[in-house]
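Visitor: Mind looking at a prediction? Sequence and model below.
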Amino acid sequence: MGVVFFYREPVQAARRVADFKSLRQTMAEPDRETVILTADISVSAPVRVRGAKILRGNGHRLQRGKNGGRIYGGALLILAGESLSLRNITLSGDTGGKSGRGKGEGIYGRLAEVNSGKLTVGKKSALKNNRNVNQATDGGGAVRIQRGGICLMTGGEISGNQTVAGGAGVRVEAGGEFVMRGGTLRDNASLGIGAVEDFDGRGGAIYNAGSVTIAGGRLEANRARKFSGGRADYGGVGGALYNRGECHIAGGALSGNTASYGGGAVYSDSGSRLRITGGKIRGNRASLGREIYFAGDNCSIEKNPEISSVYLARGSELEAGQNLRSGRKILLVPEEYRENRCLVRTRKDRMIRNFALEEDSGFCLFRKKDGLYLRKSICRIVYRPNGGQGSMRPSEVRAGRKAALAENRYRRNGYEFLGWSTKNRSSTHVDYKDCEKISAGRGTMVLYAVWRRETEKKPNQEKEKKVRTYFAGEFAGAKRKKTSHILPNKRPAIRVAPRYFFSWETGRNDERRWREIVWQACRIEDDCDREEDLQKTAQFQWNGLLTNRPGIYRVGIKLRDQYGHRFYMKRGEKKRYGRGKVARAEIVVTIVEEERQQEYQSSGQIRFLPVSNVEREEAETVEIWRFTSEDVERAKRYMREREDPFSGESNRIFLEKFSDCRRQRERVEDG
């Protein structure tokens with residue numbers, strides 16, 4: 001019986017090369033061969049690969065050389081044949097270990113172009129240091145995969161590459177495919193240089209318009225840098241991966257990646273499909289969506305991935321598979337918090353245990369038949385007079401937080417108010433004292449006032465309504481008496497007026513600037529503390545205002561004065577003690593988008609969108625006004641000086657004062 005040998009790959013002839021000429025000739029032949037480097041080779045023209053080739057470097061490298069006295073900046077390898085496998089070889093954009101021309105000038109090609117066929121990056125292989133940082137060309141980066149091409153990465157690394165176009169490690173065009181089962185993509189960067197799609201910083205390691213599968217390996221320390229022009233920012237998305245095609249993450253680890261704007265690890269754009277069934281996505285950074293920014297049409301999470309958070313753009317939803325078993329809860333961060341908005345589509349009853357919201361969001365998740373929805377997370381406290389007279393508005397307290405009860409405003413002749421009971425009308429047991437802090441749950445809490453007749457004997461009655469105090473006189477035995485009074489302070493009062501801004505006014509506002517603006521819109525009345533003292537301890541709940549995006553924001557304000565009582569010793573002198581009282585208010589801040597038309601910019605004409613367009617997209621009739629820079633400043637001063645800039649009176653006066661700026665009407669069609 002004969003012996004049969006099984007080979008993992010066909011036996012191929014081996015040829016050794018030591019210079020660029022022989023390498024180029026060998027790789028262009030249509031034969032199936034193994035090509036072995038015996039020295040480092042400088043490439044001065046593209047090496048075209050035909051047939052099925054295995055390129056073994058034995059630790060040697062292919063690097064950029066000179067062509068006509070200048071550094072060659074095109075592609076090193078162009079695959080247009082059956083297959084090419086890289087083993088123990090380095091493809092470098094450097095020249096002899098040094099950066100070509102220092103800053104990446106003149107680089108207009110990738111290290112490897114896969115026009116057709118299959119490129120395999122194997123163990124101990126590296127594609128590194130191909131940099132284009134300032135040319136408006138799709139150069140720099142390691143690998144570009146065209147329609148019909150496939151790149152399989154089983155080991156090695158792709159590192160230190162930079163490009164001004166998307167995907168400094170791997171760029172996958174429509175119809176191309178990249179599969180990662182091992183190896184590392186590290187320290188690659190996509191650098192935005194203009195307000196043009198694909199040149200604004202997308203996909204630090206991978207740009208995908210085709211198909212990407214990540215089943216192993218690591219993507220770490222990659223970055224996508226935005227482009228800033230004028231008062232606007234562009235791009236800066238997908239620190240590790242920018243997806244506008246189909247992407248499946250089944251394993252591997254994405255960590256330490258950075259994006260200037262969104263998606264520290266992954267940014268999945270509109271029209272994309274993202275499926276996550278495994279892997280670890282943690283420890284990345286971005287302004288929005290530090291791990292995943294999802295703005296696409298289809299995103300599913302299944303099995304057991306480890307994801308710390310997902311940012312959901314407006315209108316986006318996740319789909320949770322029935323077999324999802326996340327080890328830790330996935331934090332959901334929606335762009336808009338809106339009652340009854342669906343975040344996760346699922347039919348599994350216990351799926352809610354896999355997800356969570358930010359603690360200070362003011363919302364919670366609740367289950368419906370087809371998914372997980374948002375609902376306001378508050379406790380509504382209703383105060384019943386229980387025989388008293390007057391009125392009190394219900395309080396709304398965020399669930400899980402401590403908050404003080406409203407001060408009692410009910411009165412009952414011949415009775416003293418003792419506190420509040422949670423039991424029923426006839427209860428004499430006091431559960432909470434007036435203004436006591438409580439930890440609120442969800443739902444509605446009803447409190448009943450507890451009264452006691454004033455003629456009844458008060459247990460442990462405090463006698464010192466008036467306190468007699470004695471002071472030693474100048475001579476021994478001499479005494480002088482003085483009656484002191486303890487008087488409670490009133491609760492601080494806050495009056496606010498709504499504020500209105502254009503988006504170009506607020507684009508660079510930080511928290512310190514917003515505190516100043518909001519405080520200017522407040523009028524504080526307090527019989528104890530000065531306004532500057534209250535301002536230092538004021539707390540704000542921004543509810544999304546700090547993003548500086550167009551919209552309507554309700555900013556919460558909380559004040560506590562320093563002292564609860566005044567202890568008067570004599571005329572002109574007072575001592576204070578006790579705990580201060582809390583006051584709350586809410587101010588509405590509206591940021592409206594300003595739409596500038598190109599043909600009007602030179603003449604100073606500006607189109608102002610009405611406030612209603614913030615929430616409505618149908619066509620509106622707007623007015624075209626001609627504003628000079630002086631008119632704009634006048635209008636800003638007028639709006640800020642008004643107590644209520646949204647009132648009908650404010651609008652009437654505005655039309656009168658600025659009627660000379662009105663020029664014509666124009667119908668603006670949607671789209």
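Guide: Nice, I can see it.
Visitor: Quick one: the strands in the stretch 1-150 of the chain, in order.
Guide: Ranges of strands in the stretch 1-150 of the chain, per DSSP state E, counting those that start in this stretch, are 13-17, 33-37, 41-43, 47-49, 52-56, 61-64, 66-67, 70-71, 77-87, 90-92, 112-121, 126-128, 143-145, 149-153.
Visitor: Excluding chain neighbours, give the residue nearest to residue 19 in space.
Guide: residue 41 (6.5 Å; Cβ to Cβ, 6 or more residues apart in numbering). C-betas here are computed from N, CA, C, even on glycine.
Visitor: For that neighbour, grab the count of nearby residues.
Guide: Residue 41 has 23 neighbouring residues, counting by other Cβ atoms under 10 Å.
Visitor: quick one on the thing from earlier: and the strands of the stretch 1-150 of the chain, which one is worst for confidence?
Guide: Lowest mean pLDDT of the strands of the stretch 1-150 of the chain: strand 66-67, a mean of 84.
Visitor: chain center to that one: distance?
Guide: 46 Å (Cα atoms, centre = their mean, to the nearest Å).
Visitor: can you check stretch 318-334 too?
Guide: For stretch 318-334, the distance to the chain centre is 18 Å (Cα atoms, centre = their mean).
Visitor: ok, residues contacting that stretch?
Guide: The set of residues external to stretch 318-334 that reach it, using Cβ atoms under 8 Å, 6 or more residues apart in numbering, is 288-289, 294, 298-312, 341, 343-348, 351, 353-358, 365, 374.
Visitor: Return the backbone torsion pair for the most centrally placed residue in the chain.
Guide: Most central in the chain under Cα atoms, centre = their mean is residue 288, positioned 1.7 Å from the mean C-alpha point. Residue 288 adopts backbone torsions of phi -130, psi 130, taken as degrees, to the nearest 10.
Visitor: Chain neighbours aside, what residue packs nearest to it?
Guide: Using Cβ to Cβ, 6+ apart, the nearest residue to residue 288 is residue 262, at 4.6 Å.
Visitor: Surely that neighbour touches residue 287?
Guide: Yes: between residue 262 and residue 287 there is a contact under Cβ atoms under 8 Å: 6.8 Å.
Visitor: now the strands: where do they sit in the stretch 451-600 of the chain?
Guide: So, for the stretch 451-600 of the chain - with DSSP E, counting those that start in this stretch - the strands run 466-472, 479-488, 493-496, 499-502, 522-525, 539-541, 551-560, 565-570, 573-577, 582-592, 594-595.
Visitor: Could you tell me the least trusted of those?
Guide: Looking at the strands of the stretch 451-600 of the chain, the bottom one is strand 466-472 with a mean of 37.
Visitor: Low-confidence stretches in the stretch 501-650 of the chain?
Guide: Residue ranges of the stretch 501-650 of the chain with pLDDT under 70: 526-533, 561-580, 594-627, 629, 645-648.
Visitor: mind listing the helices in it by residue range?
Guide: 503-506, 511-520, 531-537, 598-601, 629-641, 648-657 (DSSP state H, counting those that start in this stretch).
Visitor: hmm, who's touching stretch 359-379?
Guide: 317, 332, 334, 337-347, 349, 351-352, 355-357, 396-400, 440-445, 541, 543.
Visitor: try 7 Å
Guide: The set of residues external to stretch 359-379 that reach it, using Cβ atoms under 7 Å, 6 or more residues apart in numbering, is 337-347, 349, 351-352, 355, 357, 396-399, 440-443, 445.
Visitor: Now residue 51. Nearest residue, chain neighbours left out?
Guide: Nearest non-adjacent residue to residue 51 (Cβ to Cβ, 6+ apart): residue 30, at 4.4 Å.
Visitor: Kindly provide the distance from the one you found to residue 47.
Guide: Distance of residue 30 to residue 47, computed by Cβ to Cβ, to the nearest Å: 15 Å.
Visitor: again, but for residue 535
Guide: From residue 535 to residue 47 the distance is 69 Å (Cβ to Cβ).
Visitor: Show the backbone phi and psi for residue 417.
Guide: According to degrees, to the nearest 10, residue 417 has phi -80, psi 130.
Visitor: residues touching it, list them.
Guide: So residue 417 contacts 408, 410, 434, 449, 451 (Cβ under 7 Å, 6+ apart).
Visitor: In terms of pLDDT, where does it sit?
Guide: Looking at residue 417, the pLDDT reads 89.
Visitor: Surely the residue nearest to residue 19 and residue 21 touch.
Guide: No: with contacts counted by Cβ atoms under 7 Å, residue 41 stays clear of residue 21, the gap being 9.7 Å.
Visitor: Residue 262 and residue 287: which has the busier surroundings?
Guide: Taking other Cβ under 10 Å, residue 262 and residue 287 do not tie; residue 262 has more neighbours (27 against 16).
Visitor: Would you mind naming the residues that bridge with the more buried one?
Guide: residue 237, residue 288 (DSSP bridges).
Visitor: surely it meets residue 237?
Guide: Yes: counting by Cβ under 7 Å, residue 262 does reach residue 237; the two are 4.8 Å apart.
Visitor: Find the residues that touch each one of the two.
Guide: Joint contacts of residue 262 and residue 237 (Cβ under 7 Å, 6+ apart) are residue 293.
Visitor: and residue 201, how many neighbours does it have?
Guide: For residue 201, the neighbour count with other Cβ under 10 Å is 32.
Visitor: typed the wrong thing, it's residue 446
Guide: 15.
Visitor: if you count what's nearby, which of residue 30 and residue 47 comes out ahead?
Guide: The residue with more neighbours, out of residue 30 and residue 47, is residue 47; 21 against 10, by other Cβ under 10 Å.
Visitor: returning to what we had before: when you check the contacts of stretch 359-379 against the strands, which ones overlap?
Guide: Among those, DSSP state E puts 342, 343, 344, 345, 355, 357, 396, 397, 398, 443, 445 in strands.
Visitor: Just give me the closest of the residues you listed to residue 221.
Guide: residue 355 (28.7 Å; Cβ to Cβ).
Visitor: Surely the closest one and residue 344 touch.
Guide: Yes: between residue 355 and residue 344 there is a contact under Cβ under 7 Å: 6.2 Å.
Visitor: Compare the two (neighbour count), which wins?
Guide: Applying other Cβ under 10 Å to residue 355 and residue 344 shows that residue 344 carries more neighbours, namely 24 against 21.
Visitor: ok, and the nearest residue in space to that one that is not next to it in sequence, which helix or strand is that part of?
Guide: Closest residue to residue 344 apart from its sequence neighbours, by Cβ to Cβ, 6+ apart: residue 372 at 4.1 Å. Using DSSP states H and E, residue 372 sits in strand 371-376.
Visitor: export that strand as CSV, just CAs?
Guide: Provided in CSV are the C-alpha atoms of strand 371-376 (Å, rounded to 0.1, in the frame of the first residue of the first chain):
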residue,chain,number,x,y,z
GLY,A,371,-38.5,46.3,23.3
LEU,A,372,-37.0,48.5,25.9
TYR,A,373,-38.3,52.1,26.1
LEU,A,374,-37.4,55.4,27.9
ARG,A,375,-39.6,56.8,30.7
LYS,A,376,-39.0,59.6,33.1
